[in-house]
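Asker: here is a sequence together with a model predicted from it:
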Amino acid sequence: MSGIKLVNMWASRCFRHDAAVKTRAPCFLLTGREYGEHSSVPEPDSTASRTRRPRAADIAARLRHEKEKQTAEVPVSPVQRRVSELKQFTQQLQSVHPNVFAKALYRSILYQDQHLIAINKPYGVPVYSTGGIRNSIAESLPVLAKIISNMQGGSQLHICHSLGKDSTGVLLLAKTEEAYERVQSQIKLHQMERKYMVVTVGIPVPSEGVIDIPIMEKEVTGTQHHFKMGLSPLYRLTEEGNGLTRVRAHRQAHSAVTQYRVLDSSSGCSLVELQPVTEVKHQLRVHMALALACPILGDHKYAYWNKLAPQKLPEGVLRRLGLEQSKTRYLPLHLHVRQIILPAVKGHCDLIVSCPLPKYFITTLKRLQIPLPKKP
């Protein structure tokens, strides 16, 4: 009896289960819009059930949000902020399109007539193209010439003189070959006057004078083998050490003469006006660093003779500049062409072109508590 009851109970449960399925199934299958349609519930292996791949815009937004969150969470010290400003400054003009760079040069025009153009050369841009550099003055001249001539073809510009990649200030361009030849002649005859402003580490003694020491390229041996310009003096101390004796000039040495004048000094640094009489590669940097032992601030090439390393600054200067010694490599070269004077031609007055100091130069003077120079 017990076995029959168990079988009957199992059968009745199965019957009730089947009945329930039969009564519910039509309701489930008829949830579509019409009879005969398939169920609106997708199959487990359908493509709609797969995880949707994130779009590029979603990924970019998420990364941007995470970066902003990290920036907000991590406090930025004054030194980090200062280094970030210097990094951005040195890289900004190399990240733009060449046409955009040419337009920036057009906006920096200081003077223009039918023969000459004077522009304010920016920092970190070479005059001529070098390896790994995207923008240069020479490469942008065709576009700049079209902008100046209102997109008329055939216009050309000629670079009258050169400036170092890390130098700033007045740069002359000639609109015609005749004007170019005239400026070149004035440079060879030492008739073109150029006045530079530099910030030096140290105070030159005496405060005013003329440096007349030839310069030549020399080989520096050691762990960091390289070449750089160096002094080639015409005089040396006598063996007794109480006088000077003239030596034979080296055949590869170039005559180099620089006039200098200290305008002001503070915090162990000086604002110096330089006026080169000759034009030799790295003349001003070599004369200040090796002849006067007062290297230009940010000159990492001539800070040491036997090695290439970031310039080492005194603790007092570092505090004033808001930097650590490990970050001095980001300091830009403080060498600026303040003014150029060309002699009168055919009854015209002298051409005087002046250029304001760059922003980073002014910031440095304020941090060092050195008064700004008077306008030329």
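Answerer: Received, thanks.
Asker: quick check: which ranges of the stretch 151-300 of the chain have low pLDDT?
Answerer: 151-154 (pLDDT under 70).
Asker: for the closest residue to Leu351 other than its chain neighbours, give me phi and psi.
Answerer: Counting by C-beta to C-beta, 6 or more residues apart in numbering, Leu342 is the residue found nearest to Leu351 once chain neighbours are left out, at 4.2 Å. Every C-beta, even on glycine, is put in place using the N, C-alpha and C of the backbone. Per-residue torsions, Leu342: phi -110, psi 140 (degrees, to the nearest 10).
Asker: isn't Leu342 right up against Arg194?
Answerer: No. The criterion here is C-beta atoms under 8 Å, and Leu342 misses it with Arg194 at 10.2 Å.
Asker: for the residue nearest to Leu351, which residues are in contact?
Answerer: Val183, Gln186, Gln191, Met192, Asp350, Leu351 (C-beta atoms under 8 Å, 6 or more residues apart in numbering).
Asker: tell me the one of the residues you listed nearest Ala309?
Answerer: Set against Ala309, the nearest of the contacts of Leu342 by C-beta to C-beta is Met192 (35.2 Å).
Asker: so which helix or strand takes in the closest residue to the closest one other than its chain neighbours?
Answerer: In space, Met192 comes closest to Gln186 once its chain neighbours are excluded; the distance is 4.7 Å by C-beta to C-beta, 6+ apart. Using DSSP states H and E, Gln186 sits within helix 177-188.
Asker: distance from that helix to the middle of the chain?
Answerer: Distance of helix 177-188 from its chain centroid, counting by C-alpha atoms, centre = their mean, to the nearest Å, is 31 Å.
Asker: can you list the residues that contact whichever helix or strand comes after it?
Answerer: Next along the chain after helix 177-188, taking DSSP H and E as the criterion, comes strand 193-201. The contact list for strand 193-201 (C-beta under 8 Å, 6+ apart) reads 169-170, 268-276, 284, 288, 292, 294-297, 311, 313-314, 317, 334-341, 357, 361, 364-365, 368, 370, 373, 376.
Asker: in whatever helix or strand comes next after strand 193-201, what counts as buried?
Answerer: For strand 193-201, the following helix or strand on the C-terminal side (DSSP H and E) is strand 208-212. Of all the residues in strand 208-212, those buried under the rule 16 or more other C-beta atoms under 10 Å are Ile211, Asp212.
Asker: strand 208-212 packs against which elements?
Answerer: Strand 208-212 makes packing contacts with strand 257-266 when contacts are defined by 3 or more C-beta pairs under 8 Å, 6 or more residues apart in numbering; DSSP states H and E.
Asker: show me what counts as buried in the strand it packs on.
Answerer: Val257, Thr258, Tyr260, Val262, Ser265.
Asker: also stretch 277-287?
Answerer: For stretch 277-287, by 16+ other C-beta under 10 Å, it's Val277, Val280, His282, Gln283, Leu284, Arg285, Val286, His287.
Asker: can you check stretch 292-308 too?
Answerer: In stretch 292-308, counting by 16+ other C-beta under 10 Å, buried: Leu292, Cys294, Pro295, Ile296, Leu297, Gly298, Asp299, His300, Lys301, Tyr302, Ala303, Tyr304.
Asker: cool, and stretch 306-320?
Answerer: Here stretch 306-320 shows Pro310, Gln311, Leu313, Val317, Leu318, Arg320 as buried, counting by 16+ other C-beta under 10 Å.
Asker: surely the fourth one and Leu368 touch.
Answerer: Yes. Here Val317 reaches Leu368: they are 7.4 Å apart, a contact under C-beta under 8 Å.
Asker: shared neighbours of the two, anything?
Answerer: In contact with both Val317 and Leu368: Ser267, Cys269, using C-beta under 8 Å, 6+ apart.
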